[in-house]
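Visitor: starting from these lines, generate the structure:
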Amino acid sequence: MKRALIPATLLTIGCIVLAALSGCRSLLPGEIVNPSYALRSVVPHVAIALPLSASAIDFDITIVVDNPNAIGLRLDWLDFDLAINDTPILTSVRAEQGVHIPAHGMGDVHLRTRVGYGNLKALFRQIADVVQGNRAHYAIHGNAYYHTPFGQKRFPVTLYSR
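Guide: Here you go, the predicted structure:
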């Protein structure tokens, strides 16, 4: 009786493996695609301090991530550069996240970054434009790092507000 169970067990395992491979093609490591990204909002917060060298501008940035994959992804971190009106402001910013993006779903990613006094001179023209009622244009270029069942995946991210 035990001898008959061994081939039956092997046959069952073989069927389960074949079913999993044929039914889960979208879960193969090469099949995970880059989610799409949209810039929902950028809100600057000016912090004037004395001495002026302690002044800064904080930016609260919200990005919407749309995951087209059949599995959920965890966004571990983003590294990015920020430009305002085509002027590079910040480079090599790393933002830790840990945000879960559901399968075939969306999730919001919130970034907060600070532009210190040393970079504020580059922003003078942009700040003057905003005070005069002109809208600033933001650009984010970088990479998103996701934890997946197949290991870490890195995807490029490029966002523009216009």
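
Visitor: only C-alpha atoms for contact and neighbour calcs from this point on.
Guide: Fine.

Visitor: tell me where this structure has helices.
Guide: For the chain, helices defined by DSSP state H occupy the ranges 2-23, 117-131.

Visitor: which of these has the lowest mean pLDDT?
Guide: Per-stretch mean pLDDT for the helices of the chain is lowest at helix 2-23 (a mean of 54).

Visitor: please give me every residue in contact with the nearest residue to residue 91 once chain neighbours are set aside.
Guide: Nearest residue to residue 91 in three dimensions, chain neighbours excluded: residue 81, at 4.3 Å (C-alpha to C-alpha, 6 or more residues apart in numbering). Contacts for residue 81 (C-alpha atoms under 8 Å, 6 or more residues apart in numbering) come out as 88, 89, 90, 91, 92, 93, 140, 141, 142.

Visitor: pull out the buried members of the residues you listed.
Guide: Among these, those scoring as buried are 88, 89, 90, 140, 141, 142 (criterion: 16 or more other C-alpha atoms under 10 Å).

Visitor: surely the third one is in contact with residue 83?
Guide: This means residue 90. Yes. Residue 90 is within contact range of residue 83, at 6.9 Å (criterion: C-alpha atoms under 8 Å).

Visitor: who touches the most centrally placed residue in the chain in this structure?
Guide: In the chain, the C-alpha nearest the mean C-alpha coordinate belongs to residue 144, at 4.5 Å (C-alpha atoms, centre = their mean). Applying C-alpha under 8 Å, 6+ apart, we find residue 144 in contact with 75, 76, 77, 78, 79, 154, 155, 156, 157.

Visitor: give me the buried subset of these.
Guide: Buried among the contacts of residue 144 by 16+ other C-alpha under 10 Å: 75, 76, 77, 78, 79, 157.

Visitor: just the residues you listed now: which is nearest residue 49?
Guide: The nearest member of the buried ones among the contacts of residue 144 to residue 49, counting by C-alpha to C-alpha, is residue 79 at 28.4 Å.

Visitor: please name the bridge partners of the closest one.
Guide: Going by DSSP bridges, residue 79 is paired in beta bridges with residue 94, residue 143.

Visitor: that'll do, ta.
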